[in-house]
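Undergrad: sequence plus predicted model, see below.
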Amino acid sequence: MSEQITETATAAPEQVADQAPEQASEQTPEQAPEQTFADFGVHDDIVASLSDAGIKHPFPIQAMTLPVALAGHDIIGQAKTGTGKTLGFAVPMLHRSVGPNDPGFADLPAPGKPQALAVAPTRELAVQVAGDLSTAAKRRGIRVATIYGGRAFEPQIEQLKKGVEIVVGTPGRLLDLAAQGHLDLSYVKSVVLDEADEMLDLGFLPDVEKLLAQTPASRQTMLFSATMPGAVVTLARRYMTQPTHIRAMNEEGDDGHTVKAIEQFVYRAHALDKVEMLSRILQSRDRGLTIIFTRTKRTAAKVSDELTSRGFAAAAIHGDLGQGAREQALRAFRTGKVDTLVATDVAARGIDVENVTHVINYQCPEDEKTYVHRIGRTGRAGNTGVAVTFVDWDDLSRWGLINKALDLGIPEPPETYSASEHLYADLDIPSSATGTLPRSERTRAGLTAESLEDLGETGKRAPKGGGGRGRSGASGSRGGGRSGGGRRGGDNSAGEGSRHTPSEGRATRAPRRRRRTRGGSSGTPRAEQG
């Protein structure tokens, strides 16, 4: 593979490239909306499917990516999250795939074998990407399979056996199914690596390389990443052929755009007053969907339970929940049954939900990269948002480093309490707000109104008491019961509903009598003293 990387396209959000990057031309904001997906020669059924979903005009990263991708060239796409890059690679993948309804499908070397592969770092991002692909493929009949851990193997294997054109998944489960002979990547024509920098952070790059080694050398490779650390650049040089580097950013750069789109507030808060402050902030005027970030799973569950007891429609998503419970919480959040999602950093990677108006850092982020990732959940796709950060006394030095690295101009956050006047003024909180949501304002259905899907899970279960999932107490996996059951990855067992668990086996044995011994000798009853 060639190590040459051609950097040819950089544009502001107001600019759209309607030609190949080397011929990119700037357009005014008034001109950009006139451009449609049909202008790029995209398959009519794909254009119609997008139009059915209300998507007619491409975002800048899409407009710059489509001409190059449709021509079959390798691409490195660099843009911050929320710019709409998913359709930038999804449309070309669909356009180049041949489905069962297309003439010539029977003439393929292996009809029904995957023709395209998209790899994502997290389950939630894989589900999102697959959803966008399915939306664009609705009229074409292209079959999309979502492959990830935390749920039973059998349905995924059955789907692959029936035949799919595009596979979207996480590295671990993809490798497992390939090793078992269920996933054949030898006919893949295009590969997408989404959020490559996050895959690096999570240690997935070796797995990604193993997957790439199973695909034909003639494939088209598209890599998308918000940042370009050295390991990602090395990966591109090793597995891509003269890739075109496409950037989409504003004149100030991505970080400048993030700061410009999001109004940021930072408060030095007392640990015992945080939930009270949170309750008042959640009653801000014009607040919509809100994501609250914590550093630990236990804190996420605790905060969610506290908010629920105060009348707020809240749900948690963290690593101790089963996949069914995580998906239940996300569905409830996306549909508005809950308007507050409490999440850990790892669990929230890849979450892309429209119309998030507020992000609250309940605990100070570890570093500036985590801070930007967290607040980037709001102010997306041209919208504006509000970010609030609580800084404990112990975290002042950490915040100082974040502030300096991002040049935020908030070196010393003001000491703030739930009754502080400036808190009410900054966030437009009604003066009548208290720590409990009035019953008249409890209008959302709540988490229990969203069904909990039985996924035949192989990963962790919901902790006892629902783990911040409201009052339902339902387990995140089949069988319920223990907290944190199953192995961490969850990719090496076939679902607990198909066999007895070890704990069930032990429950049928007669209890063993234990005898105390003296001096370490066994089998000798301890002598009576006296």
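TA: The structure has been received and is ready for your questions.

Undergrad: how far away from the center of its chain is the helix or strand harbouring Leu200?
TA: Leu200 is part of helix 196-201, with elements assigned from DSSP states H and E. The chain centre lies 12 Å from the centre of helix 196-201; the measure is Cα atoms, centre = their mean, to the nearest Å.

Undergrad: contacts for whichever helix or strand comes after that helix?
TA: Heading C-terminal from helix 196-201, the first helix or strand you meet, by DSSP H and E, is helix 205-213. Helix 205-213 has contacts (Cβ atoms under 8 Å, 6 or more residues apart in numbering) with 117, 119, 171-172, 174-175, 178, 185, 191, 193, 196, 199, 221, 231-232, 235, 238-239. (Glycine included, C-beta is placed from N, CA and C.)

Undergrad: go again using 10 Å as the cut-off
TA: For helix 205-213, the external contacting residues (Cβ atoms under 10 Å, 6 or more residues apart in numbering) are 117, 119, 121, 169-172, 174-175, 178-179, 183, 185, 188, 191, 193, 196, 199-200, 204, 219, 221, 223, 231-232, 234-235, 238-240.

Undergrad: quick check on the residues you listed: which are buried?
TA: Buried residues within the contacts of helix 205-213, defined by neighbour count using 16 or more other Cβ atoms under 10 Å: 117, 119, 121, 169-172, 174-175, 178, 183, 185, 188, 191, 193, 196, 199-200, 204, 219, 221, 223, 232, 235, 239-240.

Undergrad: confidence score at Val233?
TA: You'll see Val233 listed with a pLDDT of 91.

Undergrad: ok, how many other residues are close to it?
TA: By other Cβ atoms under 10 Å, the residues close to Val233 number 16.

Undergrad: just list what the strand or helix carrying it packs against, helices and strands only.
TA: Using DSSP H and E, the element containing Val233 is helix 230-239. The helices and strands touching helix 230-239, judged by 3 or more Cβ pairs under 10 Å, 6 or more residues apart in numbering; DSSP states H and E, are strand 75-78, strand 190-193, helix 196-201, helix 205-213, strand 220-225.

Undergrad: can you tell me the average pLDDT over the longest one?
TA: Put plainly, it is helix 205-213. Averaged over helix 205-213, pLDDT sits at 95.

Undergrad: how far does that helix sit from its chain's centre?
TA: 20 Å.

Undergrad: now it - C-alpha only, PDB.
TA: Only the C-alpha atoms of helix 205-213 are listed here, as PDB (Å, rounded to 0.1, in the frame of the first residue of the first chain):
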ATOM      1  CA  LEU A 205      -6.300  -0.900  16.500                       C
ATOM      2  CA  PRO A 206      -4.600  -4.400  16.600                       C
ATOM      3  CA  ASP A 207      -8.100  -6.000  16.100                       C
ATOM      4  CA  VAL A 208      -8.800  -3.500  13.300                       C
ATOM      5  CA  GLU A 209      -5.600  -4.600  11.500                       C
ATOM      6  CA  LYS A 210      -6.600  -8.300  11.800                       C
ATOM      7  CA  LEU A 211     -10.000  -7.400  10.200                       C
ATOM      8  CA  LEU A 212      -8.300  -5.500   7.400                       C
ATOM      9  CA  ALA A 213      -6.000  -8.400   6.700                       C
END
